[in-house]
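# No letters, just coordinates:
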RNA sequence: GGCGCAUUCGUCUAGCGGCCUAGGACAUCGCCCUCUCAAGGCGAAGACCACGGGUUCGAAUCCCGUAUGCGCUACCA
């Protein structure tokens, strides 16, 4: 059999065909991204098809969640659930007649047959094969039944499946756009089931029929399907159909090279939304797992990806999911946001994560100013409440010992706080520049000095700045002090300085 | 077990016979900046291109074998 060359040009029709038996993870969506990009790049169509043929494993709500994930990433589909299209329905459970007809066509051609074996019989057959140390495979016992035997089984009302009558000898080659020709020996594959006894199609069959009927030009899927691909090719050829172009992309693995699972921080896609990741960041990170533009480019807008994406630059080896790199992308995208965008994005996280009293009085302008201060410290939106809570609560909680440092004992701290409060109290122009001016003046006046390596003495902001930092925030790490005080406001600042002084007094 | 796919710094990758004494990025470490934490700047370290044979004037790049990893081997997808 001749192998196909990669000669498809023009608009591509690609599809994402999730099974609502669970929530797809990063790897599955990465495949969807590739398919979507290729359709958009070529000016073609992207379809979504729900493969709900496994009635036992259907998970309620999975389908909605899968579609929400696509929408969140901005992967719009031209045909599929909710939007319909000319070659629907797009739910396999609504296409049962189509699969039955096509199975019947193959039976008539002699390319498929009914198999009456029960699960128990098959299990026994496999057990015997194991005992004889033979590879387990269906031994085709129903393939060569005589018409009489067949009639007998039908008369007895035995339930049956439809199997494909695969070539028993020779080799089958199919062409993978990335990996080239892949050839397998026909003796290593058995007759796969096309229609189950409940008359639902198997994935293996439905996906062939649908891809053909839906005029899919490029099938992009995970490499776990490589072993099945020659069998699909055989079925296409039995129908006399042209095969679509096929690309098997490498798997996405966990850091220990095992399959991705929750254990490794690889969550269902939408969980990343809850953890404060931006869809643009996810998209950018995911597309670079197994695809590259060149040796330098890292950041791509959606439009740039559509323009730049080509199938030939997809890699063929598995890649490992690295949450650290995702975080870096996320932080980069957060830094690029405008104050208003950041406020919109962070708002729900503040509502969810702030103490009740702080949450009740959120003021948009104030929130926006606070977020601008912390923008470059936000790796994921989920850290926002913790990072900024002290701006919103009535009084931050902290231990008095936090106020003291290696260059500042309790006595000096206690003396410094009221004096500084007095200086700041006189300040009318509550801006970062004016605040810095007052703070620096205070440092010099009160003799906070530090010796440099060469022995010369310079003003030492450290002790005073840190004292004030902790007094107003209860933390040792915050945005720059003058900027922070400016946003915090005069009233809050003075109140907190007074509270800190009391804290020290009551401790002694 | 059988069959298949894969194999470049810890990680994502560039490389498709000479530009490679292997480039970029994340992470790591150091220095600078500095009121802290970040961010930023500069720099370091990190890959005998899994291993062994070929082919070739020349191989990370082509071929074969081995090893390792992963996948498939279901009336799952």
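Right, received. Where do you want to start? Please read all numbers here as calculations on a predicted model, not as lab measurements.
# which stretches of the stretch 251-400 of chain A aren't confidently modelled?
A:261-266 (pLDDT under 70).
# Residue numbers of it in contact with RNA strand B?
Counting by Cβ under 7 Å from any atom of the strand, the positions of the stretch 251-400 of chain A adjacent to RNA strand B are A:251, A:253, A:255, A:257-259, A:288-290, A:292, A:294-296, A:298, A:312-313, A:315-320, A:322, A:324-325, A:328, A:331, A:335, A:376-377. Using the backbone N, CA and C atoms, a C-beta is placed for each residue, glycine as well.
# Just the buried residues of those residues.
A:251, A:253, A:288-290, A:318-319, A:331, A:377 (16 or more other Cβ atoms under 10 Å).
# So which residues make contact with the lengthiest helix in chain A?
Using DSSP state H to define each element, chain A has its longest helix at helix A:490-507. Contacts with helix A:490-507, where a contact means Cβ atoms under 8 Å, 6 or more residues apart in numbering, come from A:395-396, A:400-401, A:403, A:410, A:413-414, A:417-418, A:420-421, A:424-425, A:427, A:430, A:467-468, A:470-472, A:485.
# What are the structural domain limits within chain A?
Recorded structural domains for chain A (assignment: automatic domain parsing) are A:1-83+A:250-336, A:339-388, A:400-507.
# would you list the ones you listed in CSV and tack on distance to residue A:92?
Below are the domains of chain A laid out as CSV (distance: least, Cβ to Cβ, whole Å):
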stretch, distance to residue A:92
domain A:1-83+A:250-336, 5
domain A:339-388, 36
domain A:400-507, 54
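# For the stretch 101-250 of chain A, what lies in contact range of RNA strand B?
A:117-119, A:122, A:126, A:133, A:135-138, A:159, A:161, A:179, A:182-185, A:188, A:193, A:196-198, A:200, A:202-204, A:223-228, A:250.
# hmm, which of those are the buried ones?
A:117, A:138, A:161, A:182, A:184, A:193, A:196, A:200, A:202, A:204, A:223, A:226, A:250.
# ok, back up a step: of the domains of chain A, which is nearest residue A:102?
Of all the domains of chain A, domain A:1-83+A:250-336 sits nearest to residue A:102, with 13.9 Å by Cβ to Cβ.
# Quick check: residue A:27 touching residue A:254?
No - the pair residue A:27 / residue A:254 is not scored as a contact, 10.1 Å apart, by Cβ atoms under 8 Å.
# Pick out whichever of those two has more residues nearby.
residue A:27 (24 against 16; other Cβ atoms under 10 Å).
# hang on, the earlier thing: mark which of the residues of the stretch 101-250 of chain A next to RNA strand B are part of helices, please.
A:119, A:122, A:126, A:203-204.
# RNA strand B: which of the residues you listed is nearest?
residue A:203 (3.4 Å; Cβ to the nearest atom of the strand).
# surely residue A:39 meets residue A:46?
Yes - counting by Cβ under 8 Å, residue A:39 does reach residue A:46; the two are 3.9 Å apart.
# picking up where we left off before, list only those of the contacts of helix A:490-507 flagged as buried.
Buried, going by 16+ other Cβ under 10 Å: A:396, A:400, A:403, A:413-414, A:417, A:420-421, A:424, A:430, A:467-468, A:470-472, A:485, out of those.
# For these, which two are the farthest from each other?
A:400 and A:430 (26.8 Å).
# so where do the helices sit in the stretch 1-150 of chain A?
In the stretch 1-150 of chain A, the helices defined using DSSP state H, counting those that start in this stretch lie at A:26-41, A:62-73, A:96-109, A:119-131, A:147-155.
# rewinding a little: out of the buried ones among the contacts of helix A:490-507, which are inside helices?
A:413-414, A:417, A:420-421, A:424, A:467-468, A:470-472, A:485.
# can you put the residues you listed in JSON lines and add pLDDT?
Shown next, in JSON lines, are those (pLDDT from 0 to 100):
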{"residue": "A:413", "pLDDT": "84"}
{"residue": "A:414", "pLDDT": "87"}
{"residue": "A:417", "pLDDT": "91"}
{"residue": "A:420", "pLDDT": "93"}
{"residue": "A:421", "pLDDT": "94"}
{"residue": "A:424", "pLDDT": "93"}
{"residue": "A:467", "pLDDT": "95"}
{"residue": "A:468", "pLDDT": "96"}
{"residue": "A:470", "pLDDT": "96"}
{"residue": "A:471", "pLDDT": "95"}
{"residue": "A:472", "pLDDT": "96"}
{"residue": "A:485", "pLDDT": "97"}
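# Go ahead and confirm residue A:485 touches residue A:472.
Yes - Residue A:485 lies in contact with residue A:472 (Cβ under 8 Å); the separation is 6.8 Å.
# per-residue confidence at residue A:508?
pLDDT, residue A:508: 58.
# Let me fix that, I meant to ask about residue A:182.
Looking at residue A:182, the pLDDT reads 89.
# out of everything not next to it in sequence, what's closest to it?
Excluding the flanking residues, the one nearest residue A:182 by Cβ to Cβ, 6 or more residues apart in numbering is residue A:176, at 5.6 Å.
# show me what contacts the one you found?
A:182, A:226, A:229, A:246-248.
# what's next to stretch A:354-373, contact-wise?
A:339-340, A:342-343, A:346-347, A:350-351, A:378, A:384-385, A:388-389, A:391-394, A:479-480, A:483-484, A:487.
# follow-up on the earlier one: just the buried ones among the residues of the stretch 101-250 of chain A next to RNA strand B: which are in strands?
Among those, the residues falling in strands (DSSP state E) are A:161, A:182, A:184, A:193.
# in stretch A:362-372, what's buried?
A:367-372.
# Just the ones of the residues you listed in helices?
A:367-372.
# tell me the contacts of the closest residue in space to residue A:402 that isn't next to it in sequence?
In this structure, residue A:402 finds its nearest non-sequential neighbour in residue A:470, 5.0 Å apart by Cβ to Cβ, 6+ apart. By Cβ under 8 Å, 6+ apart, the residues touching residue A:470 are A:398, A:402-403, A:476, A:500.
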